[in-house]
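A.B. asks: Structure for the following, please:
(2 chains)
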Amino acid sequence: MDYTIIKVKQQIKEAVQKALGQEIDQKHIEIGVPPEKDMGDLAIPCFYFAKLLRLSPNRIAEELKNKIRPVGFIESANNAGPYLNIILNKKVLAQKVLNEISKKGEKFGSLKSDKEKIMIEYSNPNTHKEFHIGHSRNAILGASLVNVYKFAGKKVIPVNYIGDIGSHVAKCLWALEKFHKDEPLPENKGKYLGGIYGEAVRRIDENTELKKETDEVQQKLESGDKYWMALWKKTKAWSMDELKEIYKLLNAKFDKIFFESEVEKPGKKIVAELMERGIAEKSQGAVVINLEKYNLRTLLLLKSDGSSLYSTKELALAQLKFDKYKIDKSIVIVDNRQGFYFQQFFKTLEIMGFDKKMEHIPYEFVTLKDGAMSSRSGNIVPFEDFFEKVVELAKAETQKRHQDWNGEKISDVSQKIALSAIKFNMIKTNNSNIIVFDVEEALSFDGFTGPYLQYTISRINSILKKESPKGEIDFAKLENLLEKELILKASNFPEIIAQCQKENQPSILAKYLFELAKLFSNYYQNIPILKSEQETKKARLFLISNIRQVLINGISLLGIDVLEEM
RNA sequence: GUCCCUGUAGUUCAACGGAUAGAACAUCAGCCUUCUAAGCUGAAUAUCGAGGUUCGAUUCCUCGCGGGGACACCA
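C.D. replies: Numbers count the residues shown, from 1 in each chain, chains lettered A, B, ... in the order given. Predicted structure coming up:
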């Protein structure tokens, strides 16, 4: 990375090293931020130097203050106890950072590309089931991670692995045939199927005798019964149509979609090989791999009736990924409840001699105030229902503000506002925290939300529409402290991208964007732009157009479509 | 029982081992003859407990307490 912020820090490190002597390792020079703005722009704790040089940290800070001379980005330094605070040169910083953003445009923040080819598997829904808000967390998180990885210079192949076979399909089709045959079909057939699946689960719950009937359906499906296969194909298409619609809304894209149905047979073959090689063994009629010596208990690879399990199929999927797509690494985004399974699964691959880089990125699931969502209890919040609700609310708010807009524009803007609210809401929480879904909160458009970011961009657009920056910029005109703060924050963007990718945590980006937008809002409120003196105005317009660029780059990475106005 | 996540303000969340623990929502008090008030400013309120490591612990380690989840025929 040759970004300005990196150069600034490098310059500071060199200055410190020069002042204290070569025995100071630059790696140990930490650069942070002071607690108060008026103390300085960057801060260096001096404890490490103190230990090395056998002097008090306060003394070293003082010495550094006296030795550091203004050069390049560094304007001056102040000591405060054991800390050295650096004040950056406003003009130089503004010039370098703003020109950099302006020049790189939508590429600003992107990192040097490396050769590693990574497959990211995410979403992984089942057909014949309802797609609820919990599934949307995975799709939203995955889509943004794919964006972030690409922006961070990785070669990414986003894929989806869909559960199109198994007992859930049998249950759904059984209920469809038994209770809904010849019924007129609604427009959204995928959602209709999901409802029927829920009904099937509840009926079987009430009368366990019915399980026999669904088992029969499953056997027919597995044996390739023509009638049931035809029904399966037809209904699978319904689910896929619905999923495609949802993915369009969520900006979730896939280069390849794998289906469980295509890896079932190859999976069984692998299990048979494992048996021959003595890696897997029979236990109570089923095939298992004993992982007790790794403290991972036992993983079931095949059911006692010979039918496949998730693990069976996934063995084949892993091979398919590396053999056919020539990837260096495979990442799977699946909720944390499968964490133990993945430990077992990866260990199994290792024992098999399948020595590849595979990683499970866990995240916590979405629950409701009164407990987890389940088809059994019927307390599912379907994504589409929730989405409609948010759109409706956005519409009401938009109409209130823009009586002159036509229906089409209102609808379009409202939909985008709704989606930005939903996506941001799912991303703003750290992956390792459970989201307790609260409709009230999810419907909010105020504060730390997607619409707030959109609104900030709209306000910038509104100014730039009236006048855009032209000609030579006098960066000395950006002398306000709020301006310096904004510029410094904007300069941090590439570092945020790096961190976000490294930690698989888009919430870091969400938080950063909010902070940047917040700084702008404050600036906007207090500093007139269009009404300022000519040269100052030019500089300020240039500043805000670049702040907008950073906001747009960041929001886009979250998978959110940027609005022109709202 | 073993393993994973988690415990911070009334609520939902932040805080590479660093200075006075930050936001948002809700509450209260202000700000629209000024570039979009979906905004801005201010007030008030918090680290589950006990040890340990460290110059320094919300963060790391140990133990305890509380919440959620996973652990053989679901995915």
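
A.B. asks: use CA for all of it now, contacts and neighbours both
C.D. replies: Fine.

A.B. asks: any idea which helix or strand of chain A has the worst average confidence?
C.D. replies: helix A:439-442 (a mean of 87; mean pLDDT, DSSP states H and E).

A.B. asks: For it, buried residues please.
C.D. replies: By neighbour count with 16 or more other Cα atoms under 10 Å, helix A:439-442 contains the buried residues A:Ala442.

A.B. asks: how far out from the middle of the chain is that helix?
C.D. replies: 20 Å (Cα atoms, centre = their mean, to the nearest Å).

A.B. asks: what element comes up after that helix heading to the C-terminus?
C.D. replies: Next helix or strand after helix A:439-442 toward the C-terminus (DSSP states H and E): helix A:450-466.

A.B. asks: Show me which residues of that next one are buried.
C.D. replies: Counting neighbours by 16+ other Cα under 10 Å, the buried set in helix A:450-466 is A:450-461, A:464.

A.B. asks: so which of these also contact RNA strand B?
C.D. replies: When contact is defined as Cα under 7 Å from any atom of the strand, the buried residues of helix A:450-466 meet RNA strand B at A:Pro451, A:Tyr452, A:Tyr455, A:Ser458, A:Arg459, A:Ile460, A:Asn461.

A.B. asks: Which residues does the least confident helix or strand of chain A contact?
C.D. replies: A:Ala421, A:Ile422, A:Asn425 (Cα atoms under 8 Å, 6 or more residues apart in numbering).

A.B. asks: Throw these into CSV and include pLDDT, thanks.
C.D. replies: Converted to CSV, these look like this (pLDDT from 0 to 100):
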residue, pLDDT
A:Ala421, 97
A:Ile422, 97
A:Asn425, 96
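
A.B. asks: Give me every residue in the stretch 301-450 of chain A lying close to RNA strand B.
C.D. replies: A:302-305, A:308-311, A:336-341, A:364, A:371-372, A:394, A:397-398, A:401, A:414, A:417, A:428-436, A:441, A:445-448.

A.B. asks: Just the ones of these in strands?
C.D. replies: Residues of those located in strands (DSSP state E): A:Leu302, A:Ile435, A:Val436.

A.B. asks: Domain map for chain A?
C.D. replies: As recorded under automatic domain parsing, the domains making up chain A are A:4-88, A:122-262+A:316-372, A:393-557.

A.B. asks: Endpoint to endpoint, the second one covers what distance?
C.D. replies: Using Cα to Cα, to the nearest Å, the span of domain A:122-262+A:316-372 from its first residue to its last is 21 Å.

A.B. asks: Not counting sequence-adjacent ones, nearest residue to the residue in the stretch 51-200 of chain A positioned nearest to RNA strand B?
C.D. replies: When distances are taken as Cα to the nearest atom of the strand, the stretch 51-200 of chain A reaches nearest to RNA strand B at A:Gly166, 4.1 Å away. The shortest distance from A:Gly166 to any residue other than its chain neighbours is 7.3 Å, reached at A:Gln218 (Cα to Cα, 6 or more residues apart in numbering).

A.B. asks: Which helix or which strand is home to that neighbour?
C.D. replies: helix A:211-222.

A.B. asks: Check which helices and strands that helix is in contact with.
C.D. replies: When contacts are defined as 3 or more Cα pairs under 8 Å, 6 or more residues apart in numbering; DSSP states H and E, helix A:211-222 sits against helix A:167-180, helix A:226-250.

A.B. asks: circling back: now the ones next to RNA strand B among the buried residues of helix A:450-466 in TSV, with pLDDT?
C.D. replies: Output for these, formatted as TSV (pLDDT from 0 to 100):
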residue	pLDDT
A:Pro451	97
A:Tyr452	97
A:Tyr455	97
A:Ser458	97
A:Arg459	97
A:Ile460	98
A:Asn461	97
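
A.B. asks: So which residues of the stretch 301-450 of chain A form helices?
C.D. replies: A:310-325, A:339-352, A:383-401, A:407-427, A:439-442, A:450-466 (DSSP state H, counting those that start in this stretch).

A.B. asks: so A:Asp561 sits in a helix?
C.D. replies: No - counting by DSSP: H, G, I helix; E, B strand; the rest coil, A:Asp561 is not part of a helix but coil.

A.B. asks: Quick check: it vs A:Gly471, distance?
C.D. replies: A:Asp561 is 30 Å from A:Gly471, by Cα to Cα.

A.B. asks: of the two, who's got more company?
C.D. replies: For A:Asp561 and A:Gly471, the more surrounded residue by other Cα atoms under 10 Å is A:Asp561, and the numbers stand at 18 against 8.

A.B. asks: excluding its backbone neighbours, what's nearest the more buried one?
C.D. replies: A:Lys416 (6.8 Å).

A.B. asks: ditto for A:Leu486
C.D. replies: A:Leu519 (6.3 Å).

A.B. asks: count of neighbours near the one you found?
C.D. replies: Count around A:Leu519 with other Cα under 10 Å applied: 16.

A.B. asks: Test my guess that it contacts A:Lys484.
C.D. replies: No - under the criterion of Cα atoms under 8 Å, A:Leu519 makes no contact with A:Lys484, lying 10.6 Å away.

A.B. asks: Quick check: which ranges of the stretch 151-300 of chain A have low pLDDT?
C.D. replies: Scanning the stretch 151-300 of chain A for pLDDT under 70 picks out no residues.

A.B. asks: Out of the ones in strands among the residues of the stretch 301-450 of chain A next to RNA strand B, the closest to RNA strand B would be?
C.D. replies: Of these, the one sitting nearest to RNA strand B (Cα to the nearest atom of the strand) turns out to be A:Ile435, at 4.6 Å.

A.B. asks: Isn't the closest one up against A:Gly371?
C.D. replies: No - look at A:Ile435 against A:Gly371 with Cα under 8 Å: they stay out of range, at 11.5 Å.

A.B. asks: so A:Cys172 makes contact with A:Thr127?
C.D. replies: No - taking contacts as Cα under 8 Å, A:Cys172 lies outside contact range of A:Thr127: 9.8 Å.

A.B. asks: give the contact list for A:Lys502.
C.D. replies: With Cα under 8 Å, 6+ apart, A:Lys502 has no contacts at all.

A.B. asks: make it 10 Å
C.D. replies: A:Val148, A:Tyr149, A:Ala152, A:Ile496 (Cα atoms under 10 Å, 6 or more residues apart in numbering).

A.B. asks: Would you mind listing the buried residues in stretch A:499-510?
C.D. replies: A:Gln499, A:Cys500, A:Gln501, A:Asn504, A:Gln505, A:Pro506, A:Ser507, A:Ile508, A:Leu509, A:Ala510.

A.B. asks: which of the residues you listed are close to RNA strand B?
C.D. replies: A:Ile508.

A.B. asks: Among the buried residues of stretch A:499-510, which are located in helices?
C.D. replies: Among those, DSSP state H puts A:Gln499, A:Cys500, A:Gln501, A:Pro506, A:Ser507, A:Ile508, A:Leu509, A:Ala510 in helices.

A.B. asks: show me where pLDDT drops low in the stretch 1-150 of chain A?
C.D. replies: A:1.

A.B. asks: could you pull out the strands for it?
C.D. replies: A:42-45, A:74-80, A:83-88, A:117-121 (DSSP state E, counting those that start in this stretch).

A.B. asks: So out of everything in the stretch 1-150 of chain A, what residue is nearest RNA strand B?
C.D. replies: For the stretch 1-150 of chain A, Cα to the nearest atom of the strand, closest residue to RNA strand B: A:Pro34, 3.4 Å.

A.B. asks: if you skip the residues just before and after it, what's nearest to that residue?
C.D. replies: That would be A:Ala43: by Cα to Cα, 6+ apart, it lies 5.4 Å from A:Pro34.

A.B. asks: give the contact list for that neighbour.
C.D. replies: So A:Ala43 contacts A:30-35, A:77-80, A:83-87 (Cα under 10 Å, 6+ apart).

A.B. asks: ok, now A:Ile457?
C.D. replies: A:Ile457 neighbours (Cα under 10 Å, 6+ apart): A:451, A:517, A:520, A:544-545, A:547-549, A:551-552, A:562-566.

A.B. asks: and it, how far is that from A:Lys154?
C.D. replies: 28 Å.

A.B. asks: what do you get for A:Thr208?
C.D. replies: 50 Å.
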